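Provided below for reference: sequence and predicted model.
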Amino acid sequence: MGEVLSQSEIDSLLAALSTGELNADEITQKDETQVKNYDFARPAKFSKENLRTLEFIYEHYGRLLSTNLPVYLRKNVQVEVVSSETVVFSEFSNALLNPVILGVVNFSPLPGSIIIDLASNLGFAVIDRMLGGQGAPLKKGRDFSDIELSIVEKILVLCMQLMKEPWKNVVEINPFLERIETNPQFAQIISPTDMIAIVTLNIRVGDVEGLMNVCLPFFTLESVIDKLNTKSWFSSIQESSEEDYEQYVETMIKKVDVPLKVQLGKNQITVNDFVNLQCGDIIRLDTKTDSDLEVFVGNIKKFTALPGTNKDKYAVRVTSVIREEE
């Protein structure tokens, strides 16, 4: 109940109104309570804390992509998280272009699937690079051929497998690629009205830049949604030991291809003799058949070896390792 004014207070109030010291609008104005609209068609199932944790996860994922993709593409790769947001699935699918690269990934043991959306210009750049080109995108868009999709599939499988490590602080996952779709209508993994979280990554392969969207349905993450908070995520991070780190670096180095060549010997001949070489001609070298040959890794002399054969193929047997100080 409001406060009851005395007669003297009423007289003072009327006098203030008559003299203009008090404005009647100020008296009638009431404090309005701030009300936040709630859209029942789009319930906020992902909190800001959940989205922030997903950004942390995919920042780690981006670093793994930047480290692993150059091994296959022979090109500098830069990845950064651009944004994270929550929308209904229909908004995501309606915004997709056609053709598009959609990798439908089973997020086992979590229920349902997620979608990896790779920009088509990045897809064509990756295809061109994998086939020995400079990694340039197409000037005019077109559909992907079956051969091109098989090449993109290898890269998507790699991208999918790299998600294991960033997610292990939340849940141990074993994702596998179910299929690749180029038409958004065939990638309806959930109801159009279901909520999803979208984490957008900007990927630069050489001079080509494009986006990768990771679509994470609430249905899939519902069982672990309580773990998607920064406190839980940081507390579960374990510092890797120096031995584990060295093993990781060693594993990455083993994937790098390097040219290996054996130099049988040297000699100098005239250009005329070189031009007129025929099958059966003999060039005398400065090495003997029983002397060690030099083995080069890249342009660095690394081993000495003796020539021979192995199962009807030419081979060498390493006899010594040339140390850097030598």
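Now that the structure is in, tell me what you want to look at. Numbers count the residues shown, from 1 in each chain.

only C-alpha atoms for contact and neighbour calcs from this point on.
OK.

Which SSE is immediately downstream of the helix or strand harbouring residue 273?
Element membership of residue 273 [criterion: DSSP states H and E] is helix 271-275. Sequence order places strand 293-297 as the next helix or strand after helix 271-275, per DSSP H and E.

Note down every partner strand of that following strand and its orientation.
strand 260-263 (antiparallel), strand 300-309 (antiparallel) (DSSP bridges).

most tightly surrounded among these?
strand 300-309 (a mean of 16; mean count of other Cα atoms under 10 Å).

okay, the helix or strand encompassing residue 216 in PDB with CA atoms only?
Residue 216 belongs to strand 208-217 when assigned by DSSP H and E. Taking Å, rounded to 0.1, in the frame of the first residue of the first chain, the C-alpha atoms of strand 208-217 are listed here in PDB:
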ATOM      1  CA  VAL A 208      43.000 -17.800 -51.000                       C
ATOM      2  CA  GLU A 209      40.700 -16.900 -48.100                       C
ATOM      3  CA  GLY A 210      37.400 -18.500 -47.100                       C
ATOM      4  CA  LEU A 211      35.200 -19.600 -44.200                       C
ATOM      5  CA  MET A 212      34.600 -22.900 -42.500                       C
ATOM      6  CA  ASN A 213      31.400 -23.100 -40.400                       C
ATOM      7  CA  VAL A 214      31.100 -25.900 -37.800                       C
ATOM      8  CA  CYS A 215      27.400 -26.500 -37.100                       C
ATOM      9  CA  LEU A 216      26.800 -28.100 -33.700                       C
ATOM     10  CA  PRO A 217      23.100 -29.000 -32.900                       C
END
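
elements contacting that strand?
Counting contacts by 3 or more Cα pairs under 8 Å, 6 or more residues apart in numbering; DSSP states H and E, strand 208-217 packs against strand 113-118, helix 120-130, strand 195-205.

sorry, back to before: looking at the strands paired with strand 293-297, spot the one closest to residue 292.
strand 300-309 (5.2 Å; Cα to Cα).

Can you pull out the residues in contact with the closest one?
289-296, 314-323 (Cα atoms under 8 Å, 6 or more residues apart in numbering).

do stretch 177-184 as well
Contacts with stretch 177-184, where a contact means Cα under 8 Å, 6+ apart, come from 93-94, 96-106, 144, 149, 153, 156-157, 160, 187.

Could you pull up the contacting residues of the residue nearest to residue 200 when sequence neighbours are not counted?
Spatially, and ignoring its direct neighbours in sequence, residue 200 is nearest to residue 213 (4.5 Å; Cα to Cα, 6 or more residues apart in numbering). Contact analysis of residue 213 by Cα under 8 Å, 6+ apart lists 115, 116, 117, 118, 198, 199, 200, 201.

hmm, which helix or strand of the chain has the shakiest average pLDDT?
Lowest on mean pLDDT, DSSP states H and E among the helices and strands of the chain sits helix 24-28, with a mean of 58.

any idea how far whatever helix or strand comes next after that helix is from the chain center?
Taking DSSP H and E as the definition, the helix or strand that follows helix 24-28 towards the C-terminus is helix 48-73. In this view, helix 48-73 has its centroid 5 Å away from the chain centroid, taken as Cα atoms, centre = their mean, to the nearest Å.
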